[in-house]
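Asks: sharing a model prediction with you, sequence too.
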Amino acid sequence: DVKVTQSSRYLVKRTGEKVFLECVQDMDHENMFWYRQDPGLGLRLIYFSYDVKMKEKGDIPEGYSVSREKKERFSLILESASTNQTSMYLCASTPGQGNGYTFGSGTRLTVV
Amino acid sequence: QKEVEQNSGPLSVPEGAIASLNCTYSDRGSQSFFWYRQYSGKSPELIMFIYSNGDKEDGRFTAQLNKASQYVSLLIRDSQPSDSATYLCAVNIRAGANNLFFGTGTRLTVIP
């Protein structure tokens, strides 16, 4: 089974800090995604990537950036954390169109 | 209109009953449809996918797709308390794109 690993299950950061969320998948998937999930709002796409060094903005990219230097790793960066970025962050990967996503276990980030 | 819409619930059914979860989508050209189950505090896991009109059965789960009505549903037969979770509908909206659009989910409670 494909495995998507997110480096931290829980994180607490201070306002203004630069935050790195790491995601690694082990099945050579081309496509990787970062979502945040908030009660009542569902899953919202932040950024996605179809290939190494390639990135595309999702629906809510403001305040975030991403890095994909290697195929298996997709990092989400909060340039200057704010309290409204407190959320559950989910990474996912898929081999391509027509296939479902496999999600990581999620990172619950609290910004204080 | 949202790309993917679900009744947020909550939906409560007695143990052993059939639970019916519904989803509508906006783009008539959508090709791939997925159902995810998400337990509280956990990440979504893929339980069913369907590409063609009609029914697809897997154990106690049946996915139903009606492209003419832009409607996809999930039936859970012989519902168990362990089925209590939020169910997310996801649709591959745009041809050639790999990203899925998610509904906000329906919370199901199976009452023992």
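Replies: Good, I have the coordinates. What you see is a predicted model; the values in this text were computed from it and never measured.

Asks: wait, residue A:87 sits on residue A:35?
Replies: No: at 9.5 Å, residue A:87 does not count as touching residue A:35 under the criterion of C-beta atoms under 8 Å. From N, CA and C alone the C-beta is placed, and that goes for glycine too.

Asks: between these two, which one's more packed in?
Replies: residue A:35 (29 against 20; other C-beta atoms under 10 Å in any protein chain shown).

Asks: so the more buried one bridges to which residues?
Replies: residue A:45, residue A:90 (DSSP bridges).

Asks: and it, what is it in contact with?
Replies: A:43, A:44, A:45, A:46, A:58, A:89, A:90, A:91, A:92 (C-beta atoms under 8 Å, 6 or more residues apart in numbering or on different chains).

Asks: can we see that at 10 Å?
Replies: A:42-48, A:58-60, A:76, A:87-92, A:101, A:103, A:106, B:43-44, B:99-100, B:102 (C-beta atoms under 10 Å, 6 or more residues apart in numbering or on different chains).

Asks: whichever residue of chain B sits closest to chain A sits in which helix or strand?
Replies: Going by C-beta to the nearest C-beta, chain A is nearest to residue B:104 of chain B, at 3.6 Å. Following DSSP states H and E, there is no helix or strand that holds residue B:104.

Asks: residue A:96 versus that one, what's the distance?
Replies: 26 Å (C-beta to C-beta, to the nearest Å).

Asks: coming back round to it: find the nearest non-adjacent residue to the residue of chain B closest to chain A, please.
Replies: residue A:42 (3.6 Å; C-beta to C-beta, 6 or more residues apart in numbering or on different chains).

Asks: just the strands in chain B please.
Replies: Here chain B has its strands, by DSSP state E, at B:4-6, B:11-14, B:19-25, B:32-38, B:45-50, B:54-58, B:61-66, B:71-76, B:85-92, B:101-102, B:106-111.

Asks: for residue A:10, which of those is the nearest?
Replies: strand B:32-38 (17.8 Å; C-beta to C-beta).

Asks: pLDDT wise, what is residue 65 at?
Replies: The chain I'm using is chain A. Looking at residue A:65, its pLDDT reads 97.

Asks: other chain: chain B
Replies: Per the predicted model, pLDDT is 96 at residue B:65.

Asks: same deal with residue B:95?
Replies: 57.

Asks: on that earlier part again, neighbours of the residue of chain B closest to chain A, how many?
Replies: By other C-beta under 10 Å, neighbour count at residue B:104 equals 19.

Asks: any weak-confidence spans in the chain?
Replies: Went with chain A since none was named. A:1-2 (pLDDT under 70).

Asks: the intended chain is chain B.
Replies: Using pLDDT under 70, the flagged stretches of chain B are B:1, B:94-98.
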